[in-house]
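Chemist: Quick check, what structure comes out for this input:
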Amino acid sequence: MTSHAILSSPFGGSLKTVSATLPAGTTLHVWLRSVDPVTPAELTASQDGREIGRLTAGNTDEFEFRALMIETAGETLFSYDSAITSLSVVYAFSEADVLEKGIVVLYSGEANSTPAVPSSYHFRPPFGWMNDPNGFGRFGDKVHLFYQHYPHSLRWNTMHWGHAVSDDYLHWKHLPIFLLPSAELSARADGRGGAFSGSAIPLAGEEAGIRVFFTEQVKDREPEEQIQLTSVSRDQIRAGPAEIILPERPAGLDLTLDFRDPYVIKGPDGRWKMLVGSRDHAGGVILLYDTADPDAATGWNFVSLLHRENRFGMTAAECPCIVPLGGPADDPQTRWALIFGLLTSRDPATARRNITLATVGSFDGSTFVKEFEQELDFATDAYAFQAFVDHSGPVGIAWLANWTEISKKTDFPTAMTLPRRVLLDDGVLLTPPVEAAEGLRQDLVDERRLLAGDKVELTNGAVEFVIDLAAPGATFDLEFDHPGIELGVRLDAEGLSILYDVPDGKLLPRYIAAGARPSTLRIFLDIGSIEVFADNGRWTGTKRLPGFASVRSARLTAPKDNVAAASIWQLKL
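Modeler: All right, here's what the predicted structure looks like:
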């Protein structure tokens, strides 16, 4: 149980307290900052009027991390004076069972508290800013999700790695912040860099061990702003000291300073492979490295420029990943999906930005031969997609956002997409939601009124629409009533579209899968998002929605007999 109180302060501010009943052996993680350059920040912990711990910090530019162990069970009072101390985050956990129970957030400030979205079923951080998924994979008996994170505000800044675990890809336990930026970068909140995106693999011979790979960014560092590092965790809770593995870009390729997002996987030849995103003065490129080291710790060598994309100009290829599809990695017949984002790319036909491409072909460990290509998501708000091969095959997740819509003036219901399978079927790539998503269905809201063309009221925005068409490409319009935007889904002769408009009159991109002729659709609505999966994910469209309001109702219109069945399910975690 947690409570908060505010009392008068001898320094002219407010003496603030946080009270929580904690078990013995609780670990506290605290971030505090000094308000006054003369007087250090201070937080005291007490039980029954007896002080049991005191934390201090002298930095006035950025919050400093401190840890405290609570030895004795009982009600614990944390006190600080707002005249001299600014507090960002306090959370508690037991190292013995944190992987099962997660952390308990005791305090987060006004600047970094995430809005309450109790009906939402998408992954969100417990506080602060989030972007790219990192190190998505199964380690031990749980799925781990690391992610780009800034704990101290709802805006992007110096990058940390957040961390969560799940048994089913949907229900997550938040864990302690896994990876902190270097002491130099942690000293100021100036966004110069930090622990940027990367990946993770199991640590050889250790059931609980994880090796992570990430980019360290330091703006204006010479000669390299971005270098690749690795770190090991033996308890799945915290990362150990980082070591540099790629201190510089490969020479002679005319590369820009972009050199980031290492993705590591075991290749078809049994050697560890690393993909790194970059660009040259013609377009985006993906670099391939490998090593014979079974621990993937040392000996990384540049192999080749694995893939390039020049159609969108000088756009950086970033967040690359590659996974085998439907077969063992060492089988020459197995096809591989190479997936990457193109930062700053613009589709001239629709004005969509930051497109993610999925290229399918053969991969022998040193050369990738493209056979076909398709867009991963026609609405482009499934960015930085990262996948791994789980028991049932490849599974991926993406940041449910697009950099073009991020500004200091807009709210941001940051989230990850629904996790998605990655399948190859009859020459096309499918990305349907994981099977566990059907378990979100709580109640059947309707299976008659929508089909009849009636307006169907929705209790809240956490719903799934299932639509079966009488024939492939049979046209329809599904209109949603949202208080802040115009929103809908349309299938017509041009293709499948998410209709999206805002009242400011700004000309927006067209979110369309041109030429799509699906037979079935699943449409997931949530606070801040819409996700469309047509024909089992043959065409997938994801759009972030502004604000924190729910869709209030829906109406389906279509020519007679075009729609064979239509139902609405209430969803809940």
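Chemist: excluding its backbone neighbours, what's nearest Val463?
Modeler: Leu525 (5.2 Å; CB to CB, 6 or more residues apart in numbering). All C-beta spots, glycine's among them, are computed from the backbone N, C-alpha and C.
Chemist: What of Pro151?
Modeler: Using CB to CB, 6+ apart, the nearest residue to Pro151 is Gly128, at 4.2 Å.
Chemist: Check the burial of the one you found by counting its neighbours.
Modeler: 25 (other CB atoms under 10 Å).
Chemist: Before we move on, what's the pLDDT of Ser8?
Modeler: We have a pLDDT of 50 for Ser8.
Chemist: picking that back up, in its sheet, what does the helix or strand hosting the residue nearest to Val463 sit against?
Modeler: Secondary structure from DSSP states H and E places Leu525 in strand 520-526. Here strand 520-526 is paired, per DSSP bridges, with strand 463-469 (antiparallel), strand 529-534 (antiparallel).
Chemist: In contact with the residue nearest to Pro151, which residues are there?
Modeler: Going by CB atoms under 8 Å, 6 or more residues apart in numbering, Gly128 touches 89, 108, 112, 114, 149-154, 162.
Chemist: Save those residues as JSON lines, and put in neighbour count and distance to Ser19 too.
Modeler: Output for the contacts of Gly128, formatted as JSON lines (neighbours: other CB atoms under 10 Å; distance: CB to CB, whole Å):
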{"residue": "Val89", "neighbour count": "23", "distance to Ser19": "17"}
{"residue": "Ser108", "neighbour count": "20", "distance to Ser19": "16"}
{"residue": "Asn112", "neighbour count": "21", "distance to Ser19": "21"}
{"residue": "Thr114", "neighbour count": "18", "distance to Ser19": "22"}
{"residue": "His149", "neighbour count": "26", "distance to Ser19": "27"}
{"residue": "Tyr150", "neighbour count": "24", "distance to Ser19": "28"}
{"residue": "Pro151", "neighbour count": "25", "distance to Ser19": "22"}
{"residue": "His152", "neighbour count": "23", "distance to Ser19": "23"}
{"residue": "Ser153", "neighbour count": "16", "distance to Ser19": "25"}
{"residue": "Leu154", "neighbour count": "19", "distance to Ser19": "26"}
{"residue": "Gly162", "neighbour count": "25", "distance to Ser19": "26"}
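Chemist: wait, Asp81 sits on Glu42?
Modeler: Yes - judged on CB atoms under 8 Å, Asp81 makes contact with Glu42 at a distance of 7.3 Å.
Chemist: more crowded one of these two?
Modeler: Taking other CB under 10 Å, Asp81 and Glu42 do not tie; Asp81 has more neighbours (21 against 16).
Chemist: Tell me the bridge partners for that one.
Modeler: Bridge pairing for Asp81 - DSSP bridges - gives Leu15.
Chemist: how far away is it from His152?
Modeler: Separation of Asp81 from His152 (CB to CB, to the nearest Å): 19 Å.
Chemist: again with Asp280
Modeler: Taken as CB to CB, the span from Asp280 to His152 is 36 Å.
Chemist: For the stretch 201-350 of the chain, which segments count as strands?
Modeler: 210-218, 226-233, 243-246, 255-266, 272-280, 284-291, 301-309, 316-325, 335-343 (DSSP state E, counting those that start in this stretch).
Chemist: Look up the closest residue to Leu444, ignoring the ones flanking it.
Modeler: The nearest residue in space to Leu444 (CB to CB, 6+ apart) is Trp569, at 6.1 Å.
Chemist: Could you give the number of residues near the one you found?
Modeler: 21.
Chemist: among the strands paired with strand 520-526, which is nearest Ala187?
Modeler: Closest to Ala187 of the strands paired with strand 520-526 is strand 529-534 (CB to CB; 35.7 Å).
Chemist: and the closest one, what's its mean pLDDT?
Modeler: 98.
Chemist: oh, and call the first residue 575 from now on, that's how I've got it
Modeler: Noted, 575 is the first residue going forward, which turns the last one into strand 1103-1108.
Chemist: now that strand: how far from the chain's centre is it?
Modeler: 17 Å (CA atoms, centre = their mean, to the nearest Å).
Chemist: same for the helix or strand following it, what does it pack against?
Modeler: As assigned by DSSP H and E, the chain's next helix or strand after strand 1103-1108 is strand 1113-1118. Contacts defined by 3 or more CB pairs under 8 Å, 6 or more residues apart in numbering; DSSP states H and E place strand 1113-1118 against strand 1069-1075, strand 1085-1088, strand 1103-1108.
Chemist: and Ala757, what are its phi and psi?
Modeler: phi -60, psi -40 (degrees, to the nearest 10).
Chemist: Against Tyr724, how distant is it?
Modeler: Ala757 is 17 Å from Tyr724, by CB to CB.
Chemist: returning to what we had before: which one of the helices and strands packed on strand 1113-1118 lies nearest to Phe942?
Modeler: Comparing these by CB to CB, strand 1085-1088 comes nearest, at 25.1 Å.
Chemist: Note down every partner strand of that closest one and its orientation.
Modeler: By DSSP bridges, strand 1085-1088 pairs with strand 1069-1075 (antiparallel).
Chemist: Number of residues surrounding Arg1096?
Modeler: Counted with other CB under 10 Å, Arg1096 comes out at 20.
Chemist: That one against Val1037, yeah?
Modeler: No - assessed by CB under 8 Å, Arg1096 is found out of contact with Val1037, at 11.1 Å.
Chemist: So what's the gap between stretch 971-988 and the chain middle?
Modeler: 11 Å.
Chemist: send the alpha carbons of it over as PDB?
Modeler: Output of stretch 971-988 as PDB, limited to C-alpha atoms (Å, rounded to 0.1, in the frame of the first residue of the first chain):
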ATOM      1  CA  ILE A 971       6.900  -6.400 -32.300                       C
ATOM      2  CA  ALA A 972       7.200  -2.800 -33.200                       C
ATOM      3  CA  TRP A 973       7.000   0.800 -31.900                       C
ATOM      4  CA  LEU A 974       3.400   2.000 -32.500                       C
ATOM      5  CA  ALA A 975       4.400   5.400 -33.700                       C
ATOM      6  CA  ASN A 976       6.100   7.400 -36.500                       C
ATOM      7  CA  TRP A 977       8.700  10.000 -36.000                       C
ATOM      8  CA  THR A 978       6.900  12.500 -38.300                       C
ATOM      9  CA  GLU A 979       4.100  12.900 -35.700                       C
ATOM     10  CA  ILE A 980       6.300  13.600 -32.700                       C
ATOM     11  CA  SER A 981       6.600  17.100 -31.400                       C
ATOM     12  CA  LYS A 982       7.000  18.900 -28.100                       C
ATOM     13  CA  LYS A 983       3.400  20.200 -28.400                       C
ATOM     14  CA  THR A 984       1.500  16.900 -28.800                       C
ATOM     15  CA  ASP A 985       0.400  14.300 -26.300                       C
ATOM     16  CA  PHE A 986       1.900  10.900 -27.000                       C
ATOM     17  CA  PRO A 987       0.100   7.600 -25.900                       C
ATOM     18  CA  THR A 988       3.300   5.700 -26.600                       C
END
